[in-house]
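**Student:** After the sequence you'll find the predicted model.
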Amino acid sequence: MVMIVFAAEAKGKSVSLPEVADGGWREAGKKLAKKHLAQRTMALNTKGRGMKTDEVLQLALGLELGTYLFDKYQPEPVEMLEQIVLAADNPENLKEMYKLYAALANAVRYARDIVNEPADKYDDNEVFCEIKRLEYLGLQHTVLRRDMWSMSWEKDQQGKPRFYYAEGRFACAVGAGMLKALALQKQSKRVKIFMTLAKKNIDVNDLLAEEPIYKIEDKGGDGDVEHCIFRLYDEILYGAEYEKRRQTAPVGGKYYQEFGGA
């Protein structure tokens, strides 16, 4: 992950920010990072732009995700951006709120790595082991049968858990990434995901009789990983209000100010 430093001033040659429509700061950040990927350091100055805290953080998340490169099997390391100095009008909670975005960027990169691993080098057993390692964050892991397991994050013992079903490598990576984001941020939520790397085409609501189970879509591609993780994360934080709020707030945006990582 590239290091993003919040500073009073961005010293050195600054990169100009483009004009951005409402809700487009994350995409703008990704484009900026990709354009300047070969630099070691990039300086950005948002002062005087009248950006809200959430917009600055959307920009930071876009910059982080824009530097993603799956170069594990490259013969030589690829030189790329190492540090971004972001000078912004710094509200008191800006750095704390940025930690929430950093956790989501970490989760998206983690899921992308799993999806991008070639099947001939990274088989289902290795994917299973990679996801199981998330236990170090406090995630609970249970093998249900030979090719199916569950993982859960339960920090709110009073609320009803949200049940999800992930089938296939992409869906399992997205589900694991979303759980990782919850755990890194220590969110007070109860979530359980039933996972299988095999294609079963089962009726997911027959899997358990406790509560309805929502299936994580098995799409594919870096953009879909990012979109699915943010959508699931919003859904978990908003619950029944998700669809209504989604119409008025960018995905991965407004809820940080409302929930504050609680």
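**Tutor:** Sure thing, it's come through.
**Student:** Sketch out the low-pLDDT regions of the chain for me.
**Tutor:** 1, 90-93, 201-212, 220-223, 239-262 (pLDDT under 70).
**Student:** Tell me where this structure has strands.
**Tutor:** With strands called from DSSP state E, the chain shows them at 3-7, 14-15, 41-45, 83-87, 140-145, 148-154, 162-167, 190-196, 213-216.
**Student:** Now render the ones you listed as a markdown table, adding distance to residue 123 and mean neighbour count.
**Tutor:** All C-beta atoms are positioned from the backbone trio N, CA, C, and that covers glycine. Formatted as a markdown table, the strands of the chain follow (distance: least, C-beta to C-beta, whole Å; neighbours: other C-beta atoms under 10 Å):
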| stretch | distance to residue 123 | mean neighbour count |
| --- | --- | --- |
| strand 3-7 | 33 | 15 |
| strand 14-15 | 42 | 14 |
| strand 41-45 | 38 | 20 |
| strand 83-87 | 36 | 20 |
| strand 140-145 | 17 | 12 |
| strand 148-154 | 16 | 20 |
| strand 162-167 | 17 | 23 |
| strand 190-196 | 15 | 23 |
| strand 213-216 | 21 | 18 |
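**Student:** check contacts around the closest residue in space to residue 135 that isn't next to it in sequence.
**Tutor:** Sequence neighbours aside, residue 141 is the residue nearest to residue 135 in space, at 5.5 Å (criterion: C-beta to C-beta, 6 or more residues apart in numbering). Shown in contact with residue 141 (C-beta atoms under 8 Å, 6 or more residues apart in numbering): 132, 134-135, 149-151.
**Student:** What is the nearest of these to residue 194?
**Tutor:** The nearest member of the contacts of residue 141 to residue 194, counting by C-beta to C-beta, is residue 150 at 5.0 Å.
**Student:** quick one, what contacts the closest one?
**Tutor:** Residue 150 neighbours (C-beta under 8 Å, 6+ apart): 141-142, 144, 192-195.
**Student:** Dig out what it forms beta bridges with.
**Tutor:** Judged by DSSP bridges, the bridge partners of residue 150 are residue 142, residue 194.
**Student:** Pull the residues that contact stretch 121-130.
**Tutor:** For stretch 121-130, contacts defined as C-beta under 8 Å, 6+ apart pick out 73, 114, 117, 149, 169, 172-173, 197-198.
**Student:** and these, which two are the farthest apart?
**Tutor:** Across the contacts of stretch 121-130, the longest distance by C-beta to C-beta is 27.7 Å; it joins 73 and 149.
**Student:** From the chain's centroid, how far away is stretch 178-185?
**Tutor:** 9 Å (C-alpha atoms, centre = their mean, to the nearest Å).
**Student:** for stretch 219-234, same thing?
**Tutor:** 8 Å.
**Student:** Would you mind listing the buried residues in that stretch?
**Tutor:** Neighbour counts over stretch 219-234 (16 or more other C-beta atoms under 10 Å) mark 222, 224-234 as buried.
**Student:** Identify those among the residues you listed that sit within helices.
**Tutor:** Counting by DSSP state H, the buried residues of stretch 219-234 place 222, 224-234 in helices.
**Student:** Out of these, which comes closest to residue 30?
**Tutor:** Nearest member of these to residue 30, counting by C-beta to C-beta, is residue 226, at 9.3 Å.
**Student:** Distance of the closest one relative to residue 64?
**Tutor:** Distance of residue 226 to residue 64, given as C-beta to C-beta, to the nearest Å: 11 Å.
**Student:** Ok, residue 174 next?
**Tutor:** For residue 174, the distance to residue 64 (C-beta to C-beta) stands at 18 Å.
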